[in-house]
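In: Sequence and computational prediction follow.
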Amino acid sequence: MELDVYALGNALMDIQVQVEDSLLTELGLQKGNRYLTERYRQEEILQKLLRSDNLDSALKAGKLQTAAGGSAANTMYGISQLGGRAGFCGKIATDGLGALYSAHMQQSGIVFNEKSVQGMTGTCIVLISDDAQRTMLTCLGVSGEIDYEDIDEELLKHSRYIYLEGYLFESECAAKTMLRAVAAARKNGVKVALTASDASCINRHRNMLVQLIQNDVDLLLANAREAQALSGADNNDAALQVLSGWCEGVAVTNGEHGSMVSFNGDFMKIAPNRVSAVDTTGAGDAYVAGLLYGIISGRTIRESGMIASLFSAKVVAQIGPRYNGDIQPELKKLL
């Protein structure tokens, strides 16, 4: 089987809850940040919000909105929606959440390279504020234990791109697996795309990320904060200049201000699609899906950026990281 994009990432069950800013203050959480945490901490917060004994009972009572997520999985879902052929390799546990994750993925059109083991499926509690910002508490569970034997080498070798998330550097095992996958991709002429993932993740693993980007990445995706953290620059234009010297393709997103793309030294600005934001969860993942889909479909970089901008706008106008509607009619109007 040939794929357009094969992704490696953390398989996380996303659990979305809408909250007041006052709760974030009470919990000592900075709005918009991502925190690595333990399951008991997630359940403490859900108990405060939902008056539920634990995560399982809250799910059974239908009190939570869920999605089979993780950054890379969200992007593969988007590529599939847009019309591309996408695959995802992620590790889940043989527990209730793992079964739910698998069921969601089977309905998505993605080739899911599923690996199930004993343990606890990873979860991400997404706290959505009134201004559409999301604050994430992530428990990696077994998702960070992905190793090279979990990868379907035939799918990897017969893909046009391998897509990786910077979050994988949070696990030593997953980081080693990612680097081996990159080496295999390079050997087989598969291009490498990487999302920087998170500014705090970059600060923890910057040296390894920079080395990977400079040596092996063909397409780098980052938001404004991540681009500045990576490059050491203090503004987006300067960050893009630095990063474009590291790899041939770079896209830097900046929310309602649109995005900037550089490809082989050509710089261009992509206008945003104006919408009333409800939830920014998955906006970056949708942008990447649109950009990659445009590139693999033979579109120009500007057209690919326009697809990315449209798709991310559709996602932020709803609750959840994946677009609930049919994007095809919108694509026909755009192009």
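Out: Sure, I can see it.

In: quick one, strands of this structure?
Out: Here the chain has its strands, by DSSP state E, at 3-8, 12-18, 34-36, 65-69, 86-93, 111-117, 122-128, 134-139, 159-165, 191-195, 219-223, 249-253, 259-263, 266-270.

In: okay, those strands in CSV with distance to A181 and mean neighbour count next?
Out: (Each C-beta comes from the backbone N, C-alpha and C, glycine too.) As requested, the strands of the chain are arranged in CSV below (distance: least, CB to CB, whole Å; neighbours: other CB atoms under 10 Å):
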stretch, distance to A181, mean neighbour count
strand 3-8, 6, 26
strand 12-18, 19, 23
strand 34-36, 22, 17
strand 65-69, 21, 23
strand 86-93, 9, 27
strand 111-117, 12, 18
strand 122-128, 19, 25
strand 134-139, 22, 22
strand 159-165, 6, 26
strand 191-195, 9, 23
strand 219-223, 16, 26
strand 249-253, 19, 26
strand 259-263, 24, 22
strand 266-270, 29, 14
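
In: Let's have those in JSON lines, adding distance to Q241 and mean pLDDT.
Out: Shown next, in JSON lines, are the strands of the chain (distance: least, CB to CB, whole Å; pLDDT from 0 to 100):
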{"stretch": "strand 3-8", "distance to Q241": "27", "mean pLDDT": "97"}
{"stretch": "strand 12-18", "distance to Q241": "34", "mean pLDDT": "86"}
{"stretch": "strand 34-36", "distance to Q241": "27", "mean pLDDT": "84"}
{"stretch": "strand 65-69", "distance to Q241": "33", "mean pLDDT": "83"}
{"stretch": "strand 86-93", "distance to Q241": "31", "mean pLDDT": "94"}
{"stretch": "strand 111-117", "distance to Q241": "37", "mean pLDDT": "85"}
{"stretch": "strand 122-128", "distance to Q241": "33", "mean pLDDT": "89"}
{"stretch": "strand 134-139", "distance to Q241": "29", "mean pLDDT": "88"}
{"stretch": "strand 159-165", "distance to Q241": "24", "mean pLDDT": "97"}
{"stretch": "strand 191-195", "distance to Q241": "19", "mean pLDDT": "98"}
{"stretch": "strand 219-223", "distance to Q241": "13", "mean pLDDT": "97"}
{"stretch": "strand 249-253", "distance to Q241": "10", "mean pLDDT": "96"}
{"stretch": "strand 259-263", "distance to Q241": "8", "mean pLDDT": "95"}
{"stretch": "strand 266-270", "distance to Q241": "8", "mean pLDDT": "92"}
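
In: Tabulate these (CSV), appending distance to K314.
Out: Listed next are the strands of the chain as CSV, based on distance: least, CB to CB, whole Å:
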stretch, distance to K314
strand 3-8, 19
strand 12-18, 17
strand 34-36, 23
strand 65-69, 15
strand 86-93, 18
strand 111-117, 23
strand 122-128, 17
strand 134-139, 16
strand 159-165, 20
strand 191-195, 19
strand 219-223, 18
strand 249-253, 15
strand 259-263, 15
strand 266-270, 15
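
In: wait, isn't D266 in contact with T300?
Out: No - at 10.2 Å, D266 does not count as touching T300 under the criterion of CB atoms under 8 Å.

In: quick one, what contacts E248?
Out: Each residue near E248 by CB atoms under 8 Å, 6 or more residues apart in numbering is listed here: 218-219, 263-264.

In: Can you report how many residues neighbour S276?
Out: Look at S276: counted by other CB atoms under 10 Å, it has 7 neighbours.

In: What sits closest to it if chain neighbours are left out?
Out: A317 (6.5 Å; CB to CB, 6 or more residues apart in numbering).

In: Now do the contacts for the one you found.
Out: A317 is in contact with 275-278, counting by CB under 8 Å, 6+ apart.

In: Make TSV out of these and add distance to N203.
Out: Formatted as TSV, the contacts of A317 follow (distance: CB to CB, whole Å):
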residue	distance to N203
V275	31
S276	32
A277	26
V278	29
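
In: Apply the buried test to those residues and list what passes.
Out: 277-278 (16 or more other CB atoms under 10 Å).

In: nearest to A175, of the contacts of A317?
Out: Of all the contacts of A317, A175 sits closest to A277, with 32.9 Å by CB to CB.
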